[in-house]
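**Q** got a sequence here, can you model it:
(4 chains)
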Number of protein chains: 2
Amino acid sequence: MNVDEELRASGLRVTVGRRALLELLTDSPHADAESVRRGLMAAGHDTSVQSVHNMLADLTAAGLLRRIEPERSPARYERRVADNHHHAVCRSCGAVADVDCAVGYAPCLEPSDTAGFEIDTADVVFWGTCPACAEARRDAVLPDNASSAPGPRTDGAPHGAPLRPAP
Amino acid sequence: MNVDEELRASGLRVTVGRRALLELLTDSPHADAESVRRGLMAAGHDTSVQSVHNMLADLTAAGLLRRIEPERSPARYERRVADNHHHAVCRSCGAVADVDCAVGYAPCLEPSDTAGFEIDTADVVFWGTCPACAEARRDAVLPDNASSAPGPRTDGAPHGAPLRPAP
DNA sequence: CCCTTCTTTTGAGTCATTCACGATTAGGGC
DNA sequence: GCCCTAATCGTGAATGACTCAAAAGAAGGG
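**A** Prediction:
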């Protein structure tokens, strides 16, 4: 099913903007609204920030896009919908990568005490350092002394749950 | 260790505002900045929104508070730090509840393919309906016909991974 | 080809948060 | 107890990311 068919199947009209946006997000997943606008401009589509937000909202509501909101970062959008995958976010540069749920069957995602909530989905965000930033940090520390080199940010106390707290 | 001692241990000065804020968050966890300000005002502490943000940022940086950012919601703060627990968020009213990681040892939080990221923590957010909203929905549907009663919102396509996709 | 309806655009407005900086205060030293 | 200095608070303005409203513009069934 190509982009046009996806749009029609969702009851949405096919427009150049929507087609271009979906194609852009196919190549550049996890882009935020501003990146999308720049990408569209670069592809020759003169559009406004508001229109981009408009399209993103419509396509997300139609289920063609998934919106993710990493903390301290603008919302990002991706075309991978309807499968269960999570995300890894880099503390230094904010890069986002897909992380498949290796198990598929997640014991920890079925907590025993949910305070009475009727839970239907679980979002998992992994925090860490992306390969590029990890290398940049090593490069910044080794040649020079361990000063505050112009490398990636290393601030920000880790939040969330430490991995594998205690078996 | 009481509030004053916690502040001093973190190298922060003890002020009425900080003490009041920490005590407020002890009783009302998961409050956002505006709720905190209202709470402080109600307790007789005339303060500004900016000061509240100021204090929240300082205390979070000092590790006395943990900041959580549910999607589509302002940031919330809680005093439970340094233990691994997650959160359940109500799609209808935005209520937040703590969810202990029942397992403590989480297989799914150690994905096999992390795209080269050096992962250190995992945030899990459970989405669902809180007890109050679930009851309100039942009350709204049963007596009347199944129209759009003035109950809680039920919009918003579920995002994230469905629980227990397929063992 | 036309008309209705959905989309995009334009512009303004909102919300949560941050920045800059002078006024105030905590708390160690005297 | 008083003073001094740096930490903290308050005020005002500014920012980023997004939302709202209404007019102008296309998509596509008839």
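
**Q** just the closest residue of chain A to DNA strand C, please.
**A** Taking C-beta to the nearest atom of the strand, DNA strand C has its nearest neighbour within chain A at A:S51, 2.8 Å off. From N, CA and C alone the C-beta is placed, and that goes for glycine too.

**Q** neighbours of that residue, how many?
**A** 15 (other C-beta atoms under 10 Å in any protein chain shown).

**Q** can you tell me the closest non-neighbouring residue to the most centrally placed residue in chain A?
**A** By C-alpha atoms, centre = their mean, chain A has its centre lying nearest to A:H30, at 4.1 Å. Leaving aside its sequence neighbours, A:H30 sits nearest to A:V96 (C-beta to C-beta, 6 or more residues apart in numbering or on different chains; 4.0 Å).

**Q** tell me the confidence at the one you found?
**A** pLDDT recorded at A:V96 is 94.

**Q** quick one: A:S51 and A:G17 touch, right?
**A** Yes: A:S51 lies in contact with A:G17 (C-beta atoms under 8 Å); the separation is 6.7 Å.

**Q** continuing past the lengthiest strand in chain A, what's the next helix or strand?
**A** As assigned by DSSP state E, the longest strand anywhere in chain A is strand A:118-129. Reading on from strand A:118-129 to the C-terminus, the next helix or strand found by DSSP states H and E is helix A:131-141.

**Q** dump that next one to PDB, restricted to CA.
**A** The C-alpha trace of helix A:131-141 is given here as PDB (Å, rounded to 0.1, in the frame of the first residue of the first chain):
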ATOM      1  CA  PRO A 131      27.000   5.800  19.400                       C
ATOM      2  CA  ALA A 132      28.100   9.100  18.000                       C
ATOM      3  CA  CYS A 133      28.000  10.900  21.300                       C
ATOM      4  CA  ALA A 134      29.600   8.100  23.100                       C
ATOM      5  CA  GLU A 135      32.500   8.300  20.700                       C
ATOM      6  CA  ALA A 136      32.700  12.000  20.900                       C
ATOM      7  CA  ARG A 137      32.900  11.800  24.600                       C
ATOM      8  CA  ARG A 138      35.800   9.300  24.400                       C
ATOM      9  CA  ASP A 139      37.600  11.600  21.900                       C
ATOM     10  CA  ALA A 140      37.000  14.600  24.100                       C
ATOM     11  CA  VAL A 141      38.300  12.900  27.200                       C
END
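
**Q** mind listing what's buried along that helix?
**A** The neighbour-count check on helix A:131-141 (16 or more other C-beta atoms under 10 Å in any protein chain shown) flags A:133-134, A:136-137, A:140 as buried.

**Q** and it with chain B, contact?
**A** Yes: for helix A:131-141 and chain B, the contact criterion (C-beta under 8 Å from any C-beta of the partner chain) is met by A:131, A:134.

**Q** let me know the angle separating that helix from strand A:118-129.
**A** 30 degrees (axes from the mean of the first three to the mean of the last three C-alpha atoms, to 10 degrees).

**Q** which secondary structure elements does helix A:131-141 sit against?
**A** Contacting helix A:131-141 under the criterion 3 or more C-beta pairs under 8 Å, 6 or more residues apart in numbering or on different chains; DSSP states H and E is no other helix or strand.

**Q** run through the bridge partners of the nearest residue to A:P29 once chain neighbours are set aside.
**A** Of all residues not flanking A:P29 in the chain, A:E78 sits nearest, at 4.3 Å (C-beta to C-beta, 6+ apart). Taking DSSP bridges as the rule, A:E78 bridges to A:R66.

**Q** so how many other residues sit close to A:E78?
**A** Summarising burial for A:E78: neighbours were counted as other C-beta under 10 Å, giving 19.

**Q** now do the SS call for the residue of chain A closest to DNA strand C.
**A** helix (DSSP: H, G, I helix; E, B strand; the rest coil).
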